[in-house]
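Enquirer: This is the structure alone, sequence omitted:
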């Protein structure tokens with residue numbers, strides 16, 4: 001028996017009721033996979049499911065529209081932005097939204113892409129910055145920047161920018177990017 005992962009695709013992860021249904025479906029699928037492994041895979045005869053994640057993992061729902069929209073081309077061409085506040089090298093891992101298949105586009109060996117400060121600033125909002133994977137980017141670019149090392153770097157950049165803007169008494173966008181980059185580098189950030 002194979003698990004039908006497409007059963008989750010009709011749910012809206014921004015709806016709390018749908019999230020509850022997704023959690024129940026995920027638990028059902030975890031038990032199905034465990035039963036499959038026990039019955040069909042050598043060495044799993046006495047295996048059992050000891051625990052599952054406390055919450056269903058949602059890859060993406062909403063992203064902000066920022067001062068700059070990070071794109072697939074920015075990632076694939078390993079763009080080095082002048083206002084870079086984070087650097088990544090994870091390729092684009094595209095999960096087909098219709099439910100079947102995954103494609104992976106690697107970043108050229110020895111190359112990396114940067115994430116510009118402009119993609120963290122929320123467009124038309126005076127002092128709002130994103131310190132998470134919901135930054136301003138396309139679906140394709142999101143498939144690369146959503147991984148933990150990148151998200152931690154984005155969070156560090158956003159937190160540092162917020163702290164600096166308070167200490168300088170300035171709006172986030174008016175904070176000199178060179179100063180932000182300098183403080184990030186002092187903290188061993190790779191930008």
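Expert: Now that the structure is in, tell me what you want to look at. Here the structure is a predicted model, which is why all the values come from computation and not from measurement.
Enquirer: Contacts only, for the residue nearest to the spatial centre of the chain.
Expert: Closest residue to the average C-alpha location of the chain: residue 146 at 1.7 Å, with C-alpha atoms, centre = their mean. Contacts here follow C-beta atoms under 8 Å, 6 or more residues apart in numbering; on that basis residue 146 touches 59-60, 133. To be clear about C-beta, it is placed using only N, CA and C from the backbone, and glycine gets the same treatment.
Enquirer: Ok, residue 158 next?
Expert: Per C-beta under 8 Å, 6+ apart, neighbours of residue 158: 120, 129-131.
Enquirer: Setting aside sequence neighbours, what's the nearest residue to it?
Expert: Excluding the flanking residues, the one nearest residue 158 by C-beta to C-beta, 6 or more residues apart in numbering is residue 131, at 3.1 Å.
Enquirer: Could you check how far the residue nearest to the centre of the chain is from residue 95?
Expert: Relative to residue 95, residue 146 is positioned 11 Å away (criterion: C-beta to C-beta, to the nearest Å).
Enquirer: Next, show the common contact partners of those two.
Expert: By C-beta under 8 Å, 6+ apart, the residues touching both residue 146 and residue 95 are residue 59.
Enquirer: Please give the number of neighbouring residues around residue 89.
Expert: The criterion is other C-beta atoms under 10 Å. On that basis, residue 89 has 19 neighbouring residues.
Enquirer: Would you agree it is in contact with residue 112?
Expert: Yes. Between residue 89 and residue 112 there is a contact under C-beta atoms under 8 Å: 4.3 Å.
Enquirer: Please identify every residue contacting each of the two.
Expert: In contact with both residue 89 and residue 112: no residue, using C-beta under 8 Å, 6+ apart.
Enquirer: Closest one of the contacts of residue 146 to residue 191?
Expert: Residue 191 has its nearest neighbour among those in residue 133, at 17.5 Å by C-beta to C-beta.
Enquirer: which among the contacts of residue 146 end up buried?
Expert: Neighbour-count burial (16 or more other C-beta atoms under 10 Å) applied to those gives residue 133.
Enquirer: circling back to that earlier point, the residue nearest to residue 158: how many residues sit nearby?
Expert: 18.
Enquirer: so who does residue 81 touch?
Expert: Shown in contact with residue 81 (C-beta under 8 Å, 6+ apart): 74, 114-116, 118.
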